[in-house]
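Peer 1: Need coordinates for the following:
(chains A and B)
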2 protein chains.
Amino acid sequence: MTYCVGVKFNRGLAFMSDTRTNAGVDSISVFKKMYTWEVPGERAFVLLAAGNLATTQAVVSLLDERAKSVADRSPTLLKTPSMYQTARLVGDTVKEVIATSASGGQNADAFSASFILGGQVKGGEPRLFLIYPEGNFIESSEDTPFFQIGETKYGKPILIRAYDPDMSFSQATKLLAISFDSTIRSNLSVGMPLDMTFYERDSLSLGYRARLEQDDPYYKEVSERWSEALRDTFNVLPDYPL
Amino acid sequence: MTYCVGVKFNRGLAFMSDTRTNAGVDSISVFKKMYTWEVPGERAFVLLAAGNLATTQAVVSLLDERAKSVADRSPTLLKTPSMYQTARLVGDTVKEVIATSASGGQNADAFSASFILGGQVKGGEPRLFLIYPEGNFIESSEDTPFFQIGETKYGKPILIRAYDPDMSFSQATKLLAISFDSTIRSNLSVGMPLDMTFYERDSLSLGYRARLEQDDPYYKEVSERWSEALRDTFNVLPDYPL
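Peer 2: Here you go, the predicted structure:
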């Protein structure tokens, strides 16, 4: 499967995605699920993808190709007037790819994929969207400041409990690392390495970007100390009075 | 949906189940999902149920009826020679109910249900089984000492991290309370009150039993302090070095 998270903070947007794809447990590969586009000073986008790998790659290839062929009359990611129009463009591309794949009468569910899109276009706010296989989408809000796709359940409790809109990107990375660690320990279909990136509000260019490998010292420390701390906390809480 | 857990410890078995059933979010009811049978000094069983409520109630009603009509030639829960045969009996009953429900050509998936069965029959060990809708089943082991059914993902990370076979029942309740709290905070389809019971090894009778209500002071304390402790722990861990 996959696990990807996009979170909106006051400082901007943070994104993390795993890299495991599998067709059965005996066919496991490493694929990037994070894609970026930018026109520095004007726009920057991050796209995270979950679902059928052929679909997500086709969506990204189409977006890429159309962004490059300026003569093409199709709309392009590098010309959209707003984040809303960018989300519409991605949504339409998703719908187009899935419809084409399923046009032979096959079940569209098999080709399904969902996306998290975040970024900013000059003149607008940083925005974060969850794009459905049907091509429609929803936007994050103060009440729902993050979106998850793929294996979302294991890593949700910590996001709910520890999210704070004033977090720094360093703290955001810690939050995401713990959410991913809980997922990876529970589910084989999500795996290291992890890709991460930040978009800083009003920077209008892609920010810090890194890949956390299996033996990344920060990730290992957080993972180990978090487990220890959970066990310690568990021991400190009162036992049930029988 | 539902969330039920059965865990095997050296001291015996611990069980917890929520009580929310829903047919859409506008049709929510409270139903017990924990059922017990015993012949003190000879056998004691606990059954937890998840899935189609009509199916799980039919399974329990059939098991109950057959246990009471001693003249009936059908096998009965109160006469099975071992835990293995008890699991087979429950599995066969599940398969029978689902097959009957779906006999009109309807999709059997709609009537699906799964069960956790634990207990002990005199002369044998305490055993814990996960019974599938197909009627077959698996048994817990040292490596997999617990089974979950229903909304299993949110509450799994803490079980993996904090389980210890030497836990007391008081500690087991704490473990289960935290696992349920993580689930209830993340998913509307799992709700209070919670039913819990323990089976003490070789007691051959049902043990302590309680219902944790929304305002149960122990549950509230664990829930609040666990959240606080997670946030505190989160703050103590090092931020990502940017």
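
Peer 1: which neighbours does the helix or strand hosting A:Phe198 have in its sheet, and in what orientation?
Peer 2: Assigned by DSSP states H and E, A:Phe198 falls within strand A:194-200. According to DSSP bridges, strand A:194-200 forms sheet pairs with strand A:12-17 (antiparallel), strand A:209-212 (antiparallel).

Peer 1: So for the helix or strand following the longest one, mean pLDDT?
Peer 2: What that stands for is strand A:12-17. Proceeding N to C from strand A:12-17, the next assigned helix or strand is strand A:20-22, under DSSP H and E. For strand A:20-22, mean pLDDT is 87.

Peer 1: re the thing from before, can you give me how far the strand holding A:Phe198 is from the chain middle?
Peer 2: Distance of strand A:194-200 from its chain centroid, counting by C-alpha atoms, centre = their mean, to the nearest Å, is 9 Å.

Peer 1: Check stretch A:60-76 too.
Peer 2: Worked out by C-alpha atoms, centre = their mean, stretch A:60-76 lies 22 Å from the chain centre.

Peer 1: gap between the two ends of that stretch?
Peer 2: 12 Å (C-alpha to C-alpha, to the nearest Å).

Peer 1: Can you list the buried residues in that stretch?
Peer 2: By 16 or more other C-beta atoms under 10 Å in any protein chain shown, the buried positions in stretch A:60-76 come out as A:Val60, A:Leu62, A:Leu63, A:Arg66, A:Ala67, A:Pro75, A:Thr76. (C-beta placed from N, C-alpha, C; glycine too.)

Peer 1: I'd like those as a markdown table, with pLDDT appended.
Peer 2: Formatted as a markdown table, these follow (pLDDT from 0 to 100):
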| residue | pLDDT |
| --- | --- |
| A:Val60 | 94 |
| A:Leu62 | 92 |
| A:Leu63 | 93 |
| A:Arg66 | 86 |
| A:Ala67 | 85 |
| A:Pro75 | 73 |
| A:Thr76 | 88 |
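
Peer 1: contacts with chain B among those, please.
Peer 2: Among these, no residue lies close to chain B (C-beta under 8 Å from any C-beta of the partner chain).

Peer 1: In helices only, show me those.
Peer 2: Per DSSP state H, helices hold the following members of the buried residues of stretch A:60-76: A:Val60, A:Leu62, A:Leu63, A:Arg66, A:Ala67.

Peer 1: who touches the first one in this structure?
Peer 2: By that I understand A:Val60. A:Tyr35, A:Leu47, A:Ala49 (C-beta atoms under 8 Å, 6 or more residues apart in numbering or on different chains).

Peer 1: thinking again about what came up before, from the buried residues of stretch A:60-76, pick the one nearest chain B.
Peer 2: Sorting those by how near they are to chain B, with C-beta to the nearest C-beta, puts A:Val60 at the top with 27.0 Å.

Peer 1: which residues in chain A form helices?
Peer 2: A:53-68, A:83-101, A:156-162, A:169-186, A:217-236.

Peer 1: Need the winner for burial among the ones you listed.
Peer 2: Stretch with highest mean neighbour count among the helices of chain A: helix A:169-186 (a mean of 23; mean count of other C-beta atoms under 10 Å in any protein chain shown).

Peer 1: Taking strand A:194-200 as reference, get the angle to that helix.
Peer 2: 150 degrees (axes from the mean of the first three to the mean of the last three C-alpha atoms, to 10 degrees).

Peer 1: Which strands or helices does helix A:169-186 pack on?
Peer 2: Where contact means 3 or more C-beta pairs under 8 Å, 6 or more residues apart in numbering or on different chains; DSSP states H and E, helix A:169-186 is packed against strand A:3-9, strand A:12-17, helix A:156-162, strand A:194-200, helix A:217-236, helix B:156-162, helix B:217-236.

Peer 1: Of all these, which one comes closest to B:Phe9?
Peer 2: helix B:156-162 (12.3 Å; C-beta to C-beta).

Peer 1: Could I get the average pLDDT for that closest one?
Peer 2: So the average pLDDT for helix B:156-162 ends up being 90.

Peer 1: How about it and chain A, any contact?
Peer 2: Yes: interface with chain A: helix B:156-162 contributes B:Lys156, B:Pro157, B:Ile158, B:Ile160, B:Arg161, B:Ala162 (C-beta under 8 Å from any C-beta).

Peer 1: Using CSV, write out every CA atom in that helix.
Peer 2: The C-alpha trace of helix B:156-162 is given here as CSV (Å, rounded to 0.1, in the frame of the first residue of the first chain):
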residue,chain,number,x,y,z
LYS,B,156,-2.7,-1.8,17.3
PRO,B,157,0.6,0.2,17.8
ILE,B,158,0.2,0.4,21.6
LEU,B,159,-0.6,-3.3,21.8
ILE,B,160,2.5,-4.1,19.8
ARG,B,161,4.7,-1.9,21.9
ALA,B,162,3.4,-2.4,25.5
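
Peer 1: what helices or strands is it leaning on?
Peer 2: helix A:169-186, helix A:217-236, strand B:146-150, helix B:169-186.

Peer 1: quick check: angle from the second one to helix B:217-236?
Peer 2: I take that to be helix A:217-236. Using the same axes, to 10 degrees: helix A:217-236 against helix B:217-236 is 150 degrees.

Peer 1: which secondary structure elements does helix A:217-236 contact?
Peer 2: helix A:169-186, helix B:156-162, helix B:169-186, helix B:217-236.

Peer 1: now those as JSON lines including distance to B:Gly105?
Peer 2: Listed next are these as JSON lines, based on distance: least, C-beta to C-beta, whole Å:
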{"stretch": "helix A:169-186", "distance to B:Gly105": "38"}
{"stretch": "helix B:156-162", "distance to B:Gly105": "37"}
{"stretch": "helix B:169-186", "distance to B:Gly105": "36"}
{"stretch": "helix B:217-236", "distance to B:Gly105": "45"}
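
Peer 1: which one of those lies closest to B:Arg127?
Peer 2: Across the helices and strands packed on helix A:217-236, closest to B:Arg127 is helix B:169-186 (C-beta to C-beta), at 17.1 Å.

Peer 1: State the mean pLDDT of that closest one.
Peer 2: 94.

Peer 1: Run the angle between that helix and strand B:3-9 for me.
Peer 2: Using the same axes, to 10 degrees: helix B:169-186 against strand B:3-9 is 160 degrees.

Peer 1: low-confidence ranges in chain A?
Peer 2: A:70-74 (pLDDT under 70).

Peer 1: hmm, try it at 80
Peer 2: Scanning chain A for pLDDT under 80 picks out the ranges A:23-26, A:69-75, A:104-106, A:108.

Peer 1: Distance of A:Pro217 relative to A:Gly51?
Peer 2: Distance, A:Pro217 to A:Gly51, using C-beta to C-beta, to the nearest Å: 32 Å.

Peer 1: thinking again about what came up before, mind putting the helices and strands packed on helix B:156-162 into a markdown table with distance to B:Ser27?
Peer 2: Below are the helices and strands packed on helix B:156-162 laid out as a markdown table (distance: least, C-beta to C-beta, whole Å):
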| stretch | distance to B:Ser27 |
| --- | --- |
| helix A:169-186 | 31 |
| helix A:217-236 | 36 |
| strand B:146-150 | 17 |
| helix B:169-186 | 19 |
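
Peer 1: mind checking which of these is nearest A:Glu125?
Peer 2: Across the helices and strands packed on helix B:156-162, closest to A:Glu125 is helix A:169-186 (C-beta to C-beta), at 18.0 Å.
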